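Colleague: One predicted model, sequence on top.
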Protein chains: 2
Amino acid sequence: MAETVEYDLVVVGGGPAGYAGAIRAGQLGKRVACVEMERAGGTCLNWGCIPTKALLKSAELYQKMKKPETFGLSVKEVGFDFAKVMERSRGVAGQMAKGVEFLFRKNKVDYIVGRATVPAAGMVEITEGEQKGKFLKAKNVLIATGCKMRRLPDLPVDGARVMTSREALASKTLPKSIAIVGAGAIGVEFAYFYNAFGTQVTLVEMLPQILPVEDEEVAKLLHRAFEKQGIKIHVGTKCENFRVGKDSVKLNLVKGDKTEEIEVETVLSAIGVVANIEGVLGKNLKVELDRNYVKVGDDYQTNVKGIYAAGDIVGPPWLAHVATFEAVSAVNGMFGHGKPERVKNFPGCTYCQPQVASTGLTEKAAKEKGLAYKVGKFPFTASGKAVASAESEGFVKVISDAKTGEIYGAHIIGAEATELIAEYGLAVHLEATVEEIHQTIHAHPTLSEAVMEAAAATSGEAIHI
Amino acid sequence: MAETVEYDLVVVGGGPAGYAGAIRAGQLGKRVACVEMERAGGTCLNWGCIPTKALLKSAELYQKMKKPETFGLSVKEVGFDFAKVMERSRGVAGQMAKGVEFLFRKNKVDYIVGRATVPAAGMVEITEGEQKGKFLKAKNVLIATGCKMRRLPDLPVDGARVMTSREALASKTLPKSIAIVGAGAIGVEFAYFYNAFGTQVTLVEMLPQILPVEDEEVAKLLHRAFEKQGIKIHVGTKCENFRVGKDSVKLNLVKGDKTEEIEVETVLSAIGVVANIEGVLGKNLKVELDRNYVKVGDDYQTNVKGIYAAGDIVGPPWLAHVATFEAVSAVNGMFGHGKPERVKNFPGCTYCQPQVASTGLTEKAAKEKGLAYKVGKFPFTASGKAVASAESEGFVKVISDAKTGEIYGAHIIGAEATELIAEYGLAVHLEATVEEIHQTIHAHPTLSEAVMEAAAATSGEAIHI
């Protein structure tokens, strides 16, 4: 056994759960190490949320620049250098990763580049990297190894004909055509992105709607908007029989008893994630799992004392902000800084244009639960700010208790939806009512007025519809 | 006396107070008329908030199109047609005004184009327009005549050498140089707009900072940002001795004992507003005024029973959203639909780039009140979304009770500040604490995370700084 160091906490994984948990422990004055096999920031920062947002911003601006006359402007020859678009995205990820490394130093977190395994409670072994073979003694261990992209069965990812989002983010060439398998947030964002730059996009979803977790009305409007933008969409459709050639992939789209063959330059698999659990737990460590996800209690502790887990590795909803909240809460609890909180409400965002964001129950879920609810809805066509910005597609929809007005869920599609949802997030957290949102003075002219007017519409009191 | 019609409510003025009050009365099933001398929507919609936002959107996009390489994009010959930029702005105003007219019809509001005077309680006389001479009998009257631009003494507005924002919004030519007198929200927005399109802008403010009502740190950062953009700023400076020539205006900038003469093509006066009270009250109607503003009680009623007032005409803060709230509240109260509420908290927004928005107390005000407060601050340079969008200038600052954490005020400068402020608006309305904002899961990656992190920073718990 090599040198042994003692930590208050060793975090395995440096993504949104891992790095945030490590930093929080550092803030609490604890001796902490964070082991990350790739780069600080994890998938989210390096291969997910952050670099995709950089790409999407390029796409948005490119789209706007092609219609300058809307704003009294003019240009000649709008163009793009795809390699530079991708390079910028990598640059942003690199900058943010350096930021996390800075925060590690600032908070005295030992950052260890490598893989780690947890052989037993109180112990972490570095299994790859410069410190390979080193054992870290740890009063507490936080497993935050997250997830990786699920791959299509029998379809090897080669980064050219077949990609997951990870390879797509590293690619420097724009495909002429692409089939995107899976229309969750990732699939939908890439569909918007590629289509904006001129790729022929076919978006395929097995379930009956794109963005299956979102409200039906929202998904319907996005479906229409995407088709208008030129994206081909197949819902309720399976992809089968992939035949990978030198320059293209043939596949069958199967809907009910109908089969259609398509041929595309590239297939992007966006069918979800699987737990990064391989090699994380020692053979003799009997941490309970549930379909490869680590089972935790209300304090984020596993069945083994001193071993905690947080983030994607404990299961859905696989969202960076949920992961961060869980890890910080776990660390606070482990060091006696308040009672750890399990996640109750959280927002979900999709950063295509129009943007989609939501929190809480969809209308369908409210109906299925047998709740007595009311719906308030306000279209952005009636918002002065949206019209002035030439971004009037979309609406705000809020679902609330028919009696008390407490908000069950809110759904926004349109410009800045991903920012606007924050107010409903706070409202749901505080168990506020639609009446309280309605009675809050919102600045004019802003898109946030639509948040208020949707609340007001619940009782027929919206002024502008 | 001409024909007499009986209304439950006659509203004098069709701006954000007047039209909203009239629509609300219509929603309550009341017989209501709204008299507006110009166009439905008033100054805000036709000559203020709305058309300026259209102009600013053109300016923003123009600025971004000139730096396409930031996003991996390229263009040749970015240009603009100023007349078209202005035309679009008029078009947006026109569209929204038609929207208000539609809402009048939908809510059965009689829309009367004309001027009106209130000769006595229970009575409104149309004094201009097609229905001139007509008397309306009204159980209730709501005076909502608003304000107009204050003019510089002894400096006639000619729409070419000398303008207020109103003439600026109608102008079809871009001045080569402009002196903007007054650096409140209107002055600052026009400074950003003209500078973006290449006008040499000199912004002059009598008080020690631009945006005098905003937090000092915010104003300082905007000052620096504006100077970097090329705007010349003079604070603590008076404009004197205007000499209007054929093609230019000469004026003196007086700061302490120093005087500098400048010569500009145009002067834009943005020195505030004055009450639109002339001709509104009959000679024998003894409605109490306070420096030309109508005095109202907690129910928005004047000292004369049945005569109410709301919006800019009752005095500061002269904001459209405050006006709307007041009028709706007054109407609700007058018809027994809940207790009328006076305005407590409201946001203020300035739509330049970077944007500025705030609600509640500035740090200076908290200090002057002798409050025990804490400050939480988070810079957008530490926000992944801001960096990915190449919009990392600015910060969020929140001021809260040192003991309870209740939020006294919030101040945002940066991208989408005017939308982000909504969450703090709700928080202040609900008397929420910084801890409650901190414990609300915010979507990653969004700018709204900065709202949360600023709250967390209050107790040193922000993860990303």
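Modeller: Looks like it arrived, so ask away. These numbers were taken from a predicted model, which means no experiment stands behind them.

Colleague: show me what contacts the closest residue to residue A:58 other than its chain neighbours?
Modeller: Take residue A:58 and drop its neighbours on the chain: the residue closest to it by CB to CB, 6 or more residues apart in numbering or on different chains is residue B:71, 4.2 Å away. For glycine as for every other residue, the C-beta is placed from the backbone atoms N, C-alpha and C. The contact partners of residue B:71, by CB atoms under 8 Å, 6 or more residues apart in numbering or on different chains, come to A:57, A:58, A:61, A:62, A:85, A:88, B:390.

Colleague: surely the last one meets residue A:61?
Modeller: No - counting by CB atoms under 8 Å, residue B:390 stays clear of residue A:61, with 9.5 Å between them.

Colleague: Looking at the two, which is more packed in?
Modeller: residue A:61 (24 against 18; other CB atoms under 10 Å in any protein chain shown).

Colleague: tell me the phi and psi of the more buried one?
Modeller: phi -70, psi -40 (degrees, to the nearest 10).

Colleague: Give me the distance between residue A:314 and chain B.
Modeller: Distance from residue A:314 to chain B, counting by CB to the nearest CB, to the nearest Å: 15 Å.

Colleague: any idea of the pLDDT on that residue?
Modeller: At residue A:314, the pLDDT value in this model is 98.

Colleague: wait, what's in contact with it?
Modeller: Residues near residue A:314 by CB under 8 Å, 6+ apart: A:293, A:294, A:295, A:296, A:300, A:326.

Colleague: ok, the first one - how many residues close by?
Modeller: Residues within reach of residue A:293, counting by other CB under 10 Å, total 18.

Colleague: ditto for the last one
Modeller: Counted with other CB under 10 Å, the burial measure for residue A:326 works out to 30 neighbours.

Colleague: For it, what is the enclosing helix or strand?
Modeller: When secondary structure is defined by DSSP states H and E, residue A:326 falls within helix A:320-334.

Colleague: Determine whether any part of that helix lies close to chain B.
Modeller: Yes - Helix A:320-334 comes into contact with chain B (CB under 8 Å from any CB of the partner chain), by way of A:320, A:321, A:322, A:324, A:325, A:328.

Colleague: Just the buried ones from those residues?
Modeller: A:320, A:321, A:322, A:324, A:325, A:328 (16 or more other CB atoms under 10 Å in any protein chain shown).

Colleague: can you list these in a markdown table and add pLDDT and distance to residue A:233?
Modeller: A markdown table is the format used below for these (pLDDT from 0 to 100; distance: CB to CB, whole Å):
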| residue | pLDDT | distance to residue A:233 |
| --- | --- | --- |
| A:320 | 97 | 27 |
| A:321 | 98 | 28 |
| A:322 | 98 | 28 |
| A:324 | 98 | 32 |
| A:325 | 98 | 33 |
| A:328 | 98 | 38 |
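
Colleague: Not counting its neighbours along the chain, what's nearest whichever residue of the stretch 101-250 of chain A sits closest to chain B?
Modeller: The stretch 101-250 of chain A approaches chain B most closely through residue A:103 (6.8 Å), counting by CB to the nearest CB. Nearest residue to residue A:103, sequence neighbours excluded (CB to CB, 6+ apart): residue A:23, at 5.4 Å.

Colleague: Residue A:28 too?
Modeller: Once flanking residues are discounted, residue A:28 sits nearest to residue A:335: 5.2 Å by CB to CB, 6+ apart.

Colleague: Does that neighbour touch residue A:26 like I think?
Modeller: No - if you go by CB under 8 Å, residue A:335 and residue A:26 don't touch, sitting 11.2 Å apart.

Colleague: So is stretch A:294-304 next to chain B?
Modeller: No - against chain B, stretch A:294-304 shows no contacts by CB under 8 Å from any CB, the least distance being 15.1 Å.

Colleague: Ends of that stretch, what's the gap?
Modeller: End-to-end distance for stretch A:294-304: 11 Å, by CA to CA, to the nearest Å.
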